[in-house]
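> Show me the folded form of this:
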Amino acid sequence: MLELAVLGFLYDLPLHGYELRKRISALTGHIKPVAESTLYPAIKRLEKGGLLARETQPGSGAAPRHVLTLTPAGRAELRRRLAEPAEGEISDENRWFTLLAFLRHLEDPRAQAAVLQRRLDFLSRPTSFFYEGDRPLRAEEVEDPFRNGILTIARATSRAELAWLRRTLASLHAAAGD
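Below you'll find the predicted structure:
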């Protein structure tokens, strides 16, 4: 998820590490703040893999800044990761939002639609946070008001996302001439 966010933000414009960290934290920080000890090793891995380049520029103070840019290989890698997301990037809401934040960089409407269809298929399967045996429980079947709240909120969120997915898929199919 972190590498996808790095590639996604750098696809838009070159950034120095501090600005990149702020943007990633704004996207994912409410879930898991991005620590320098996590971000900078990821940047080094991507740089070593030829996916980003670093340029030293004078800073606003005395210290120079390292500005990161995406290489052509980095742009291709981002598009590949967007077109072929791992199952966890489809099923985990936080990872899904990171993927969704950059899906516009996958320029083919059919490819975008394929990713959204995978999410729609995932959300269309019966599931719950709570089960009776193998049967998923609905909010109406749970007496505990807090568990009922979880299920009620999750249902409303899922319904909103399903409606958005269906509208967006229809729009993408129309744009692709399907």
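> mind listing what the spatially most central residue of the chain touches?
Against the mean C-alpha coordinate of the chain, by Cα atoms, centre = their mean, the closest residue is residue 98 at 1.5 Å. Going by Cβ atoms under 8 Å, 6 or more residues apart in numbering, residue 98 touches 1, 4-5, 8, 27-28, 89. All C-beta atoms are positioned from the backbone trio N, CA, C, and that covers glycine.
> again, 6 Å this time
1, 4-5 (Cβ atoms under 6 Å, 6 or more residues apart in numbering).
> how near is residue 23 to residue 124?
To residue 124, residue 23 is 32 Å away according to Cβ to Cβ, to the nearest Å.
> One more: residue 178?
Shown here: residue 178 relative to residue 124, a distance of 20 Å by Cβ to Cβ.
> Check residue 145 too.
28 Å.
> So which of the two has more stuff around it?
More crowded of residue 145 and residue 124, by other Cβ atoms under 10 Å: residue 124, with 11 against 8.
> Give the burial count for the residue lying closest to the more buried one once chain neighbours are set aside, as a bare number.
In space, and not counting its chain neighbours, residue 124 is closest to residue 162: 7.5 Å by Cβ to Cβ, 6 or more residues apart in numbering. As a burial measure, residue 162 scores 14 neighbours (other Cβ under 10 Å).
> Wasn't residue 162 part of a helix?
Yes: the assignment for residue 162 is a helix, going by DSSP: H, G, I helix; E, B strand; the rest coil.
> So the chain: which segments form each domain?
2-80, 108-175 (automatic domain parsing).
> Where does the prediction get shaky in this protein?
Scanning the chain for pLDDT under 70 picks out the ranges 29-32, 59-62.
> for residue 90, what are its contacts?
118-119, 122.
> so where do the strands sit in the chain?
15-16, 52-57, 65-70, 131-132, 135-136 (DSSP state E).
> distance of residue 47 from residue 166?
40 Å.
> Between those two, tell me which one has more neighbours.
Neighbour tally, residue 47 and residue 166, criterion other Cβ under 10 Å: the higher count belongs to residue 47, 16 against 12.
> which non-adjacent residue is nearest that one?
According to Cβ to Cβ, 6+ apart, the nearest residue to residue 47 is residue 54 (6.0 Å).
> Was I right to think the one you found contacts residue 66?
Yes: between residue 54 and residue 66 there is a contact under Cβ atoms under 6 Å: 5.0 Å.
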